[in-house]
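Enquirer: Output the structure for:
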Amino acid sequence: MTRIQIESVQTPTLTKAELAEQLYERIGLNKRESKDMVDAFFDRIRDALARGEDVKLSGFGHFQLRDKAQRPGRNPRTGEIIPIAARRVVIFHASHKFKQQLQQADVAERATAS
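Expert: Okay, here's the model as predicted:
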């Protein structure tokens with residue numbers, strides 16, 4: 001298994017373009033193949049969720065659909081009570097392994113900062 005470590009991200013969020021660039025640089029795929037692979041990955045996740053399926057990524061976490069009931073809300077400007085429609089949302093739960101890796105990285109970062 002090849003691990004991809006991203007050493008520097010120039011923006012505060014990781015983009016699909018940056019993921020494709022990492023595949024290009026580290027795996028050796030050409031740029032078009034890299035972009036297609038990233039797009040296909042996210043398409044598969046999106047399609048599975050659209051079908052109502054949960055998506056589990058071993059060692060990373062899982063995406064789960066949750067139905068939220070209609071509830072009352074309030075317009076912050078006017079204070080008027082308005083209904084918030086029922087909707088389906090995607091929830092992400094990080095795996096225990098991923099949480100441990102984040103904690104270890106945080107501890108290591110704090111140790112080097114001291």
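Enquirer: gap between residue 84 and residue 37?
Expert: Relative to residue 37, residue 84 is positioned 38 Å away (CB to CB, to the nearest Å). Every C-beta, even on glycine, is put in place using the N, C-alpha and C of the backbone.
Enquirer: Those two: which is more packed in?
Expert: residue 37 (15 against 12; other CB atoms under 10 Å).
Enquirer: What is the burial count for residue 35?
Expert: 18.
Enquirer: check contacts around it.
Expert: Shown in contact with residue 35 (CB atoms under 8 Å, 6 or more residues apart in numbering): 16-17, 20.
Enquirer: Inside helices: which ones of those residues?
Expert: Using DSSP state H, the subset of those located in helices is 16-17, 20.
Enquirer: So among those, which ones count as buried?
Expert: The neighbour count (16 or more other CB atoms under 10 Å) marks residue 20 as buried among those.
Enquirer: Any idea which residue is closest to the centre of this protein?
Expert: residue 92 (7.6 Å; CA atoms, centre = their mean).
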